[in-house]
Structures are given as C-alpha cells and as structure tokens.
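Undergrad: what's the 3D shape of this:
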Amino acid sequence: MKKFKYGFATFLFAIVGLFLVACSNNSSSSDSETSKNDSSFTYAISGDPASTNPINASDRWGLTVSNIIYSPLVAIETDGTHKNVLAESVEPADDGLSVTVKLKQDVKWSDGEGFTAADVVFTYTQKAKKENGNADQLWIGDKAITVEKVDDYTVKFVLPEASAAAINNIATETFIIPEHIYKDVSDFSVSELPVDPVGTGPYKLKEYKTGEYLTFEANENYFDGEPSIKNLTLRIIESTDTAKVALQKGEIDAAVVLPSDISDLDDSEVTVYPYSENRVGYLGLNTKAGALTDVKVRQAILYALDKSELNQAAYLSDEYYSTPYSFLPPSNPFATDAVEKYETSIDKSKSLLAEAGVSDLKLNIAFNSTDPAQTVQATLIQQQLQKVGVTVTLEGGDSTAIFSELKTPGSTKYNLFLGGYIMGNDPDLYGALFRTGGSSNYFQTDNAQTDQLFDEGAVELDETKREAIYDELQKAIADDARIYPIVDNKKILAVNNRIANVKDANLVPIYTFEDISKLTIK
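TA: You can find the predicted model right below:
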C-alpha cells in the first residue's frame, strides 16, 4: 500500500483563495525528488489541497490534483471553447431537454479496468446530491438533472426543463471517477475519500505528505499517451519569496511569481509566462454583519475606495492586470461595464453614511496574511476608509479557515474580506457565489431580485434575451454593493528552461497546465 496521508479542512468554490500564500521551507529533499532528476518535474504550489475528493473539490490546488489524476468529459479552453476529453461527441437535443454524450471507447482506468458509461452515471449521481457540497450546476430550480446509461459508451442527461446554462455546462469540468473503486463509499461530502485514487488522468498519486509535497508517477494506461516525464512533484511552498529562491537554485522547476520578482530572475535559466485566468479578485461585504445590512452603508464603503491605487500597489503595472467593474471578468463575453462603478467620492461616501445614520463605524477585514497582494490591499483599504471615519481592524489569517467561516450560514465574524474566483464563461456558474443559498455564498446574500434574474438567465434559450438578462443581473449585483471587484490579475508562471513544451501543455485557469503530461525535459 502506498503511503497516503491527509489532514486539512474543506474550502471554497471556485477559487476564492489567491495563489500567493505562505509556507515553511523545511521540505526534505530526501522525501521528494528534486528537479535535478531528469525523469522528474517539480512545481511549487502555495498550500495543501482543501479537498482531494473530485466530487466536491473546488479550491485551486484540489482541482489541480483532480486534473492530474482524473479527466472530465469536456474541458473548457481559455477562450471559452470546449474540448472533448473523455467525450467523443456532445449533442444537445433540439428541444433543449436533454444532452447525449458519446464516450471514447479505448480509455482505461489507471488500474487497467475499462472506462464505461456506468462510471459517468455513478459520478454525476453522486455529484448531484446536495449534501455532497458541489451540486449547484446539476439542478434547475428545485429539480435535479438526471443521467441515464444508453449503452456502454453513451449517456443521456435529462433536464427537468430547458436550460441554456445546463446545455452549455453539463458535460464540462466534472472529473469522472470509477464505479468499481468507489461504489462502496458511503459519504462523498468529505474532503478525502477512504480509498486510494484511481483515475484516467496522466499521473497516479504516489504519496501525499501534508504541508510538504504530493508525488505522482506516470499513468502507463493514460489514453493520450504515457507521459515522458515519469515523476511529478507538487511541492508545497507557501511563501512566494521562498519559492522564488528555490526556483533560482534549481530546487524546483516552476513556480508562480509576482510582477516584482521578474527582474530578479535570470532569463538564461528561467522563462516567464504571464497569462490571464479570467479571474476576479475582490473585496466582499458580509450583508448580514451589523451596519452592513444597510445597502447605503455598503455603497458608502465602496465609494470611499480607490481601485486604481489598490491595483498599482499590488501589481505594479497594468501590463499584469485589467480592471473589472461587474462580477464577471472583463473578457467574459457577457460582461458589461454599464454598472455602478463606484468611482472614488469621499463626499458621496460621507453623505450615504449620514443618510443611514451611521457614525464611528468599526469594521474588520479578513485576508490571507501570507498573500503579499492581499496584505498590501487590506492595509490600503484600512487607510482609505479612515478618510470617511470608518475604522478597520486587520484580521489576517489562513484563507482556508477564513472562507470556511464565511461559508457558514448567518456568520457575522468577518465584515469585509478579500478573495478571488475563477468561474468560467457562463454567468449561471456564478450562482454558487451570488444566489441566496448558493454553495459558496460568502456574502450571506439574501436577494430575491438577483435570484430571479439568475433563474431567468439559466432557462432563456434566446441568446440576445439572455444577454439582456445578464446585463440587468450585473447592474443589480453592483447596486446591491455586496462585492467590489478589484482586479483581473495575470498569473505569472516562471519555468526552468530545462523544461520544454510548456505551451503544448496549455496554460489555463486554475489548473496551470491543461495536460501536464505534454511537458518534456530538454
């Protein structure tokens, strides 16, 4: 039995934690292979996966691990197009009430067993159970989408009513698990499953030592060809400074770096790859916390802020970021900037506070204390709000613990919080964050108007009408002042020049590499 150790708490959706978090540097080189080994690739990640359970993983590193071990039916490319992975074809019915997926027939699990439709039915059945924590996109209203086996290599998704959102998203980004391995598991709500993982992805998990590393070995049964790099290590290094030094010393092969780090790297040894993840970094407001229950107070907070100052301080140059105004990232095809932008106005902020009858307001702000960007922005927000008489206490801490608390219905421990998410192109996907009762409702949202707009947008099949609904939704969420979108920052991946085919591995949101098996060593 391979060593397989866990110990961590459940975290977020869609990626609320930024990738810049802190670490200890006491990983032992005797425990995990270094990048000096010609058969290995070592990538620094900023923390432990919050969940290694592919049914409910929704944090960056949990999803990264899932993408290494497992495969979805369909992957979403950076430009929003779809790429078949385990699916051979995806065919929506003309009436919008079903989607038929034909599966690839020569795929094997990493234990050598054949992949079939039964595995797809099993996976989606477990994921659709709300108690397992990740069912948002498998329900339309109060009815679940069901999946049927047509034959060994065909499945049919049946919708309770026509839904453009379901048709667009049903086959994407759900990692399929083998029924023969997991059929006796009784609880899929946990962050770790009680059996060693078996998948169809390019690598098999070999060892996980919490707080230090995860090691993987090549899956000889991988349907797209056995990886040429036989050993993969995700080394947990929470501090970006420590990761940068390890990269410079050749102890690791790749790491995410800050804009301020680029000038420190020797381009004869390291190549930098900046790319957009269509991510929104934001300030969240807890709509159930004290004075923040009043929308005028929330709006007053936002008018006191200076978004440009926040971004320049954290990211140095607009070469490395763009500025969002709605809850959708700027490059999203549904995004509009015809919303309230909350351009800085101290007078308007003070006026709204006076209208609300609020003075000497005291708030706290939660942020990842080991994330340099969030630390800078939290301090600036504290200073900016002082100008309108609002006192802010800094509550830096562990992002997993912070968002676990925020996810608790009715929690008022934190008033303001810094986070980020990557949710995809279809606006309905963002309902997990912004619907009343959404699985990642950190804002403690209870808003019938925006819930109704989400409902209408999901089922509208006319694209022009759907766009109009989402324009209205973006305006309504902005007016509600539960979120202050700050930045769509580029991810900057630095890679040792001994590693080749980085672009062939395809740099994508969340996972970093769409298919890490495409990397080779020069």
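
Undergrad: from here on, contacts and neighbour counts on C-alpha atoms
TA: Fine.

Undergrad: contact partners of the lowest-mean-pLDDT helix or strand in the chain?
TA: Least confident helix or strand, the chain: helix 164-169 with a mean of 88, by mean pLDDT, DSSP states H and E. Outside helix 164-169, the residues within contact range by C-alpha atoms under 8 Å, 6 or more residues apart in numbering are 92, 96, 98-99, 137-138, 140, 159, 426, 428-429, 457-461.

Undergrad: C-terminal to that helix, what's the next element?
TA: Proceeding N to C from helix 164-169, the next assigned helix or strand is helix 179-182, under DSSP states H and E.

Undergrad: quick one: buried residues of that following helix?
TA: Neighbour-count burial for helix 179-182, with 16 or more other C-alpha atoms under 10 Å as criterion, is recorded at 179, 182.

Undergrad: what does stretch 79-96 give?
TA: For stretch 79-96, by 16+ other C-alpha under 10 Å, it's 84-90, 96.

Undergrad: can you list these in JSON lines and add secondary structure and pLDDT?
TA: Listed next are the buried residues of stretch 79-96 as JSON lines, based on DSSP: H, G, I helix; E, B strand; the rest coil; pLDDT from 0 to 100:
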{"residue": "84", "secondary structure": "strand", "pLDDT": "96"}
{"residue": "85", "secondary structure": "coil", "pLDDT": "97"}
{"residue": "86", "secondary structure": "coil", "pLDDT": "98"}
{"residue": "87", "secondary structure": "strand", "pLDDT": "98"}
{"residue": "88", "secondary structure": "strand", "pLDDT": "98"}
{"residue": "89", "secondary structure": "strand", "pLDDT": "97"}
{"residue": "90", "secondary structure": "strand", "pLDDT": "96"}
{"residue": "96", "secondary structure": "coil", "pLDDT": "89"}
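
Undergrad: can those residues go into TSV with extra columns for distance to residue 248?
TA: Shown next, in TSV, are these (distance: C-alpha to C-alpha, whole Å):
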residue	distance to residue 248
84	37
85	35
86	38
87	41
88	43
89	44
90	45
96	53
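
Undergrad: closest to residue 511 among these?
TA: Proximity of the buried residues of stretch 79-96 to residue 511 (C-alpha to C-alpha) peaks at residue 85, which lies at 15.2 Å.

Undergrad: Am I right that that closest one is in contact with residue 72?
TA: Yes - Residue 85 is within contact range of residue 72, at 6.3 Å (criterion: C-alpha atoms under 8 Å).

Undergrad: where do the contact lists of these two overlap?
TA: Joint contacts of residue 85 and residue 72 (C-alpha under 8 Å, 6+ apart) do not exist.

Undergrad: so how far is the helix ranked longest in the chain from its chain's centroid?
TA: When the chain is parsed with DSSP state H, its longest helix is helix 463-480. Counting by C-alpha atoms, centre = their mean, to the nearest Å, helix 463-480 is centred 23 Å from the centre of its parent chain.

Undergrad: now do stretch 52-64
TA: Taking mean C-alpha positions (C-alpha atoms, centre = their mean), stretch 52-64 and its chain are 9 Å apart.

Undergrad: just stretch 457-470 next, same as before
TA: With C-alpha atoms, centre = their mean as the basis, stretch 457-470 stands 25 Å off its chain's centre.

Undergrad: can you pull out the strands in the stretch 251-400 of the chain?
TA: Secondary structure of the stretch 251-400 of the chain (DSSP state E, counting those that start in this stretch): strands at 254-256, 270-276, 280-285, 321-322, 362-368, 391-397.

Undergrad: Okay, now the sheet partners of the third one, with direction.
TA: Each strand that pairs with strand 280-285, with its direction, by DSSP bridges: strand 416-421 (antiparallel), strand 483-496 (antiparallel).

Undergrad: can I get those strands in CSV with mean neighbour count and distance to residue 243?
TA: As requested, the strands paired with strand 280-285 are exported to CSV (neighbours: other C-alpha atoms under 10 Å; distance: least, C-alpha to C-alpha, whole Å):
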stretch, mean neighbour count, distance to residue 243
strand 416-421, 25, 21
strand 483-496, 24, 10
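
Undergrad: Same list (those) but as JSON lines, adding mean pLDDT.
TA: JSON lines is the format used below for the strands paired with strand 280-285 (pLDDT from 0 to 100):
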{"stretch": "strand 416-421", "mean pLDDT": "97"}
{"stretch": "strand 483-496", "mean pLDDT": "97"}
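
Undergrad: Tell me which of the ones you listed approaches residue 316 most closely.
TA: Taking C-alpha to C-alpha, strand 483-496 is the member of the strands paired with strand 280-285 nearest to residue 316, at 10.9 Å.

Undergrad: I'd say residue 494 and residue 272 touch.
TA: Yes - Residue 494 lies in contact with residue 272 (C-alpha under 8 Å); the separation is 4.4 Å.

Undergrad: How about residue 511: what's its closest non-neighbour residue?
TA: Closest residue to residue 511 apart from its sequence neighbours, by C-alpha to C-alpha, 6 or more residues apart in numbering: residue 64 at 4.6 Å.

Undergrad: beta partners of residue 147?
TA: residue 157.

Undergrad: and of the buried residues of stretch 79-96, the nearest to residue 397?
TA: Residue 397 has its nearest neighbour among these in residue 85, at 38.3 Å by C-alpha to C-alpha.

Undergrad: contacting residues around the closest one?
TA: So residue 85 contacts 71-75 (C-alpha under 8 Å, 6+ apart).

Undergrad: Which of the residues you listed fall within strands?
TA: Among the contacts of residue 85, DSSP state E puts 74-75 in strands.

Undergrad: Can you give me the neighbour number for residue 208?
TA: If you count neighbours by other C-alpha atoms under 10 Å, residue 208 ends up with 19.

Undergrad: same check, this time on the one 4 residues further on
TA: The number of residues packed around residue 212, counting by other C-alpha under 10 Å, is 22.

Undergrad: now do residue 55
TA: Residue 55 has 27 nearby residues by other C-alpha under 10 Å.

Undergrad: returning to what we had before: okay, the strands paired with strand 280-285 in TSV with distance to residue 509 next?
TA: Formatted as TSV, the strands paired with strand 280-285 follow (distance: least, C-alpha to C-alpha, whole Å):
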stretch	distance to residue 509
strand 416-421	10
strand 483-496	9
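
Undergrad: out of these, nearest to residue 338?
TA: Between residue 338 and the strands paired with strand 280-285, the shortest separation by C-alpha to C-alpha is 14.0 Å, and it involves strand 483-496.

Undergrad: Just give me how far the closest one sits from the chain centre.
TA: Relative to its chain's centre, strand 483-496 lies at 12 Å (C-alpha atoms, centre = their mean).

Undergrad: And stretch 131-142, by the same measure?
TA: Distance, centroid of stretch 131-142 to centroid of chain: 17 Å (C-alpha atoms, centre = their mean).

Undergrad: Can you pull out the residues in contact with it?
TA: Outside stretch 131-142, the residues that touch it by C-alpha under 8 Å, 6+ apart are 55-57, 126-130, 144-145, 159-161, 163, 166, 169-170, 187-190, 429, 431-432, 438-439, 455.

Undergrad: Just the ones in strands from those residues, please.
TA: Taking DSSP E, the ones among the contacts of stretch 131-142 that sit in strands are residue 144.

Undergrad: Please flag which of the contacts of stretch 131-142 sit within helices.
TA: Those of those mapping onto helices are 126-127, 166, 169, 431-432, 455, per DSSP H.

Undergrad: If burial is judged by neighbour count, which of those pass?
TA: Buried residues within the ones in helices among the contacts of stretch 131-142, defined by neighbour count using 16+ other C-alpha under 10 Å: 126-127, 166, 169, 431-432, 455.

Undergrad: which two in those residues are spaced the farthest apart?
TA: So, those by C-alpha to C-alpha: farthest apart are 126 and 455, at 23.7 Å.
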